[in-house]
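Asker: sequence first, predicted model second:
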Amino acid sequence: MKKSFAILGLGRFGRTLARELTKAGMDVLAVDINKAKVNLIADDVTCAIQADVKDTDTIKSLGLSNMDAVIVAMTEDVESTIMAIIQAKELGVPMVIAKAKNNFNKEILTKVGADKVVFPEKESGIRIARNLVSNNIIDYFGINEFVSVVEITAKSEWIGKSLMELNLRKKYKINVVGIKYDDIVVVDIEPSEPIREGAVLVVIGNNDNLKKF
């Protein structure tokens, strides 16, 4: 399903995230106060706008209330980040993700309303983009450019069925290497055992096959 995202702040992290979301077929609004950064991304996204996100009227004019998620990708100006988070939540954005430099920043951004705080040095824009475009993927880890491991919530139609019945390996050419229930990971999987409610499947496969899956 096509989703809409706004990226506020177009440093390297913001640009990578914007391009990956666009490549995945999503609508992307890219915003930065720096005109040069806006021009750099303009041809790669749905819409690129030069704007100061500290300005309340400007934020309202961007149409953030229509977005599935807003990613506040600024760390140099904490005031702008805080204002953007607060205004995005007031406009009813269901998911606001903020970039932080350190744990102290994380605490502040969480308290002002960020639903998730990320550290770009630990979580790449590519990884976050792939998590955002899927309703089921909880986490994603690229082993290399061809193979990845993903954690995916079990679909409702899988509950009560076994891996043997689902036959994901034959249908999608992927391998289930573990099943998580809460914080417990089962790697010695019994193929005939029914999948229970709340299960998270740990899956490895070729990136092209994972996309089809």
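Answerer: Structure's in. What do you need? Numbers count the residues shown, from 1 in each chain.
Asker: what's the helix or strand hosting residue 170 packed up against?
Answerer: Per DSSP states H and E, residue 170 falls inside helix 168-172. Applying 3 or more C-beta pairs under 8 Å, 6 or more residues apart in numbering; DSSP states H and E, one finds that helix 168-172 makes contact with strand 174-181. Backbone N, C-alpha and C define where each C-beta goes, glycine included.
Asker: in the strand it packs on, what counts as buried?
Answerer: By neighbour count with 16 or more other C-beta atoms under 10 Å, strand 174-181 contains the buried residues 174, 176, 178, 179, 180.
Asker: could you check the pLDDT of residue 186?
Answerer: What the model reports as pLDDT for residue 186 is 79.
Asker: how close does it get to residue 203?
Answerer: 14 Å (C-beta to C-beta, to the nearest Å).
Asker: so the two - more neighbours on which side?
Answerer: Neighbours were counted for residue 186 and for residue 203 using other C-beta atoms under 10 Å; residue 203 has more, 22 against 13.
Asker: checking the more buried one next. Helix, strand or coil?
Answerer: Three-state call for residue 203 (DSSP: H, G, I helix; E, B strand; the rest coil): strand.
Asker: pretty sure residue 177 is touching residue 186, no?
Answerer: No: contact criterion C-beta atoms under 8 Å: residue 177 and residue 186 do not qualify, at 10.3 Å.
Asker: walk me through the domains of the chain.
Answerer: Per automatic domain parsing, the structural domains of the chain span 4-132, 137-212.
Asker: return the most buried member of these.
Answerer: domain 4-132 (a mean of 19; mean count of other C-beta atoms under 10 Å).
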